[in-house]
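Undergrad: just need the structure, nothing else, for what follows:
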Amino acid sequence: MKAEARKRATLIFLVTLLIAIAILAVSVVKTSAYNNVRHQASFSGETLFTTDTLRDKEVTVTAAARSSTWTKLFDLNNEGRTEHDFQAYTYDFTVSNNTRDEVEDFSFRLVFNQAVYLSSAWNGALEIHQHTDGEEIVDTVPDLREFDPDAHTLKTITVDGENLIPMMPGDYLVYHPSTSMNAMEMPIEPYEATTPGVILYVAIGQSIDDSTLDLSYTFHRLLINEPLFWISMVCFGVWLVALLIYAITSSQIKKYNERHQRDNEIINESIETFTGFIDAKDPYTNGHSKRVALYTKRIAKEFGYEGEDLDRIYYIALLHDCGKIGVPDHILGKPGRLTDEEFEIIKSHTVRGAEILSSFKSLKDVGEGACYHHERYDGRGYPEGRAGEDIPFIARMICVADSFDAMNTNRVYRDKLSREHIISEIENNKGKQFDPKVADVMLALIRDGQVVIGGG
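TA: As a prediction, the model looks like this:
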């Protein structure tokens, strides 16, 4: 059972460790998968141009136009206009990370709903999409502050010496943030923000408030920010604590078992020494107590007894004849028929044994074997004439074992009996001298070779 318990404990620890490892592996896979997902969000109108800090999404963009009095005259068709008709605005686009994860990369697309003219932008690159004459022109300007029209395919105009990029309704730009140390636009740390800016010329009295901004971004989630990771760490922690407790407990149990085994050996040697004194009084019964104890233990094991209960039964059986210490040697070794007075003295060894063992408190029911092993199942035994189930079960087992050993050994008044004779005696005395169930177990042990007639 101890080996089975160790195997079961090892299996439990192995399974729980594998579960913790599996949870950790899932957290790693889940984190990696999450970091590979590109997220999308769209903002327009009041959602985009708001003074409130949005927290309803993982990553948000809010746009704001700084106040401006900077205007220009856009007489593109040479109509002879004299009044300025376009005003420059600096639009700040604040990209906010509202999570505890790092925004590793982002970009946004701004689609215009009316004609505007790009003047400048900072930090990141602008990918310009113009639609003209049924075709789409796509070109990327790394830094609009250093824009050279001759180096690009984009359609441009020059107003008051400034090169501008016209964006008609439906045209759009894609902002790619800068990775330079000066800009520090990527990554966006948890609960932090970055603010790219664009300078646009918009017709006086109009705005780009109806424009649409589409945001694209990816996260870099640290493994420690994944809930499953901490669940796995808790599992590992509990597993390690349980393993430590198990190791300490096992060590203590091992020490206890070793001490218990030594104590049992001392008890066993002490009792065997004592019973040796008893058996030595009659050379014909030398070793009788130990053999009866072994037979009783084998019988008890068949009835399901185990561990300390089995040891206790062995010791009780070993002491069953301790009362004979007070029986004179000439009576124990008398070869002829005993007188009635001598037989009464012999019978008294049961009560005397119970009295001797009455102070042996550490062994439960130790006196029952000594006192009642000569009771008969039919009630014709001694010292009290108990019958059937009124006889303690330990005494009923010792009764069969004691009788078997008496028949299986030479005595001063006769030689040991044959196998057939012993089996016949046990069969014939079922329900008389012996408990039938105990007798059947003894017969089965004999037939199976576990108890050998003519040996131990």
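
Undergrad: so what's residue 17 closest to, chain neighbours aside?
TA: Computed as CB to CB, 6 or more residues apart in numbering, the closest residue to residue 17 that is not its neighbour in sequence is residue 239, at 5.9 Å. Glycine gets a C-beta too; all of them are placed from N, C-alpha and C.

Undergrad: before we move on, what about residue 381?
TA: Nearest non-adjacent residue to residue 381, counting by CB to CB, 6+ apart: residue 375, 3.9 Å away.

Undergrad: which ones are touching the residue nearest to residue 17?
TA: 13, 16, 17, 20 (CB atoms under 8 Å, 6 or more residues apart in numbering).

Undergrad: give me the buried entries from those.
TA: 16, 20 (16 or more other CB atoms under 10 Å).

Undergrad: circling back: separation between the residue nearest to residue 17 and residue 21?
TA: 10 Å (CB to CB, to the nearest Å).

Undergrad: tell me which stretches of the stretch 301-450 of the chain form strands.
TA: Counting by DSSP state E, counting those that start in this stretch, one finds no strands in the stretch 301-450 of the chain.

Undergrad: check what pLDDT the residue nearest to residue 17 gets.
TA: On pLDDT, residue 239 comes in at 91.

Undergrad: and residue 279, by the same measure?
TA: In this prediction, residue 279 has a pLDDT value of 67.

Undergrad: got it, and the one 10 residues further on?
TA: Residue 289 carries a pLDDT value of 86.

Undergrad: can I assume residue 214 sits in a strand?
TA: Yes - secondary structure of residue 214 (DSSP: H, G, I helix; E, B strand; the rest coil): part of a strand.

Undergrad: number of nearby residues for it?
TA: With neighbours defined by other CB atoms under 10 Å, the count for residue 214 comes to 17.

Undergrad: with the one 3 residues further on instead?
TA: As a burial measure, residue 217 scores 22 neighbours (other CB under 10 Å).

Undergrad: look up the closest residue to it, ignoring the ones flanking it.
TA: In space, and not counting its chain neighbours, residue 217 is closest to residue 106: 3.8 Å by CB to CB, 6+ apart.

Undergrad: low-confidence regions, the stretch 51-200 of the chain specifically.
TA: Low-confidence segments of the stretch 51-200 of the chain (pLDDT under 70): 52-55.

Undergrad: which stretches of it form strands?
TA: 59-65, 71-72, 86-97, 102-111, 116-122, 125-132, 135-141, 157-159, 162-167, 172-176, 193-194, 197-203.

Undergrad: what would the ones you listed look like in a markdown table with distance to residue 358 and mean neighbour count?
TA: Shown next, in a markdown table, are the strands of the stretch 51-200 of the chain (distance: least, CB to CB, whole Å; neighbours: other CB atoms under 10 Å):
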| stretch | distance to residue 358 | mean neighbour count |
| --- | --- | --- |
| strand 59-65 | 87 | 20 |
| strand 71-72 | 120 | 16 |
| strand 86-97 | 85 | 19 |
| strand 102-111 | 81 | 20 |
| strand 116-122 | 104 | 22 |
| strand 125-132 | 102 | 18 |
| strand 135-141 | 105 | 13 |
| strand 157-159 | 121 | 13 |
| strand 162-167 | 111 | 20 |
| strand 172-176 | 98 | 21 |
| strand 193-194 | 90 | 20 |
| strand 197-203 | 103 | 20 |
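
Undergrad: distance of residue 92 from residue 240?
TA: Residue 92 sits 52 Å away from residue 240, going by CB to CB.

Undergrad: for residue 110, same thing?
TA: 54 Å.

Undergrad: need phi/psi at residue 221.
TA: Dihedral angles of residue 221 (phi, psi; degrees, to the nearest 10) stand at phi -90, psi 130.

Undergrad: residue 93: what's it in contact with?
TA: Residue 93 neighbours (CB under 8 Å, 6+ apart): 61, 62, 63, 108, 110, 175, 195, 196, 197, 198, 213.

Undergrad: ok, those vs residue 78, which is closest?
TA: If you rank the contacts of residue 93 by distance to residue 78 using CB to CB, residue 198 comes first, at 28.4 Å.

Undergrad: leaving out chain neighbours, which residue sits closest to the closest one?
TA: Closest to residue 198 by CB to CB, 6+ apart is residue 121, at 4.5 Å.

Undergrad: could you do residue 194 as well?
TA: residue 185 (4.6 Å).

Undergrad: for residue 27, give me its contacts.
TA: Residue 27 neighbours (CB under 8 Å, 6+ apart): 223, 226, 227, 228, 229, 231, 232.

Undergrad: look at the third one and say how many residues are nearby.
TA: It stands for residue 227. 9.

Undergrad: how close does the nearest residue to residue 184 once chain neighbours are set aside get to residue 127?
TA: Using CB to CB, 6+ apart and skipping the chain neighbours, the partner closest in space to residue 184 is residue 194 (7.3 Å). Using CB to CB, residue 194 is found at 18 Å from residue 127.

Undergrad: and residue 44, bridged to which residues?
TA: residue 212 (DSSP bridges).

Undergrad: so it makes contact with residue 208?
TA: No - using CB atoms under 8 Å, residue 44 makes no contact with residue 208, being 10.4 Å away.

Undergrad: out of these two, which sits in the busier spot?
TA: residue 208 (23 against 16).

Undergrad: who's in contact with that one?
TA: When contacts are taken as CB under 8 Å, 6+ apart, residue 208 is in contact with 91, 112, 113, 114, 116, 200, 202.

Undergrad: from these, pick the one nearest residue 355.
TA: residue 91 (109.6 Å).

Undergrad: if I look at the closest one, how far off is residue 123?
TA: From residue 91 to residue 123 the distance is 14 Å (CB to CB).

Undergrad: which residues are common contacts for the two?
TA: In contact with both residue 91 and residue 123: residue 197, using CB under 8 Å, 6+ apart.

Undergrad: skipping adjacent residues, who's closest to residue 391 in space?
TA: Nearest to residue 391 is residue 375, by CB to CB, 6+ apart, at 4.6 Å.

Undergrad: contacts only, for that neighbour.
TA: So residue 375 contacts 381, 382, 383, 384, 385, 386, 387, 391, 395, 399 (CB under 8 Å, 6+ apart).

Undergrad: do you know how far residue 95 is from residue 192?
TA: Residue 95 is 10 Å from residue 192, by CB to CB.

Undergrad: do the same with residue 201
TA: Counting by CB to CB, the gap from residue 201 to residue 192 is 31 Å.

Undergrad: also residue 241?
TA: 38 Å.

Undergrad: got it, and residue 202?
TA: Counting by CB to CB, the gap from residue 202 to residue 192 is 30 Å.

Undergrad: okay, the nearest residue to residue 435 once chain neighbours are set aside: pLDDT?
TA: Nearest non-adjacent residue to residue 435, counting by CB to CB, 6+ apart: residue 396, 4.2 Å away. On the pLDDT scale, residue 396 is placed at 96.

Undergrad: residue 289 in helix, strand or coil?
TA: Once three-state DSSP is applied, residue 289 turns out helix.

Undergrad: what's around it, how many residues?
TA: The burial count for residue 289: 25, using other CB under 10 Å.

Undergrad: any idea how far residue 402 is from it?
TA: Taking CB to CB, one finds residue 289 at 9 Å from residue 402.
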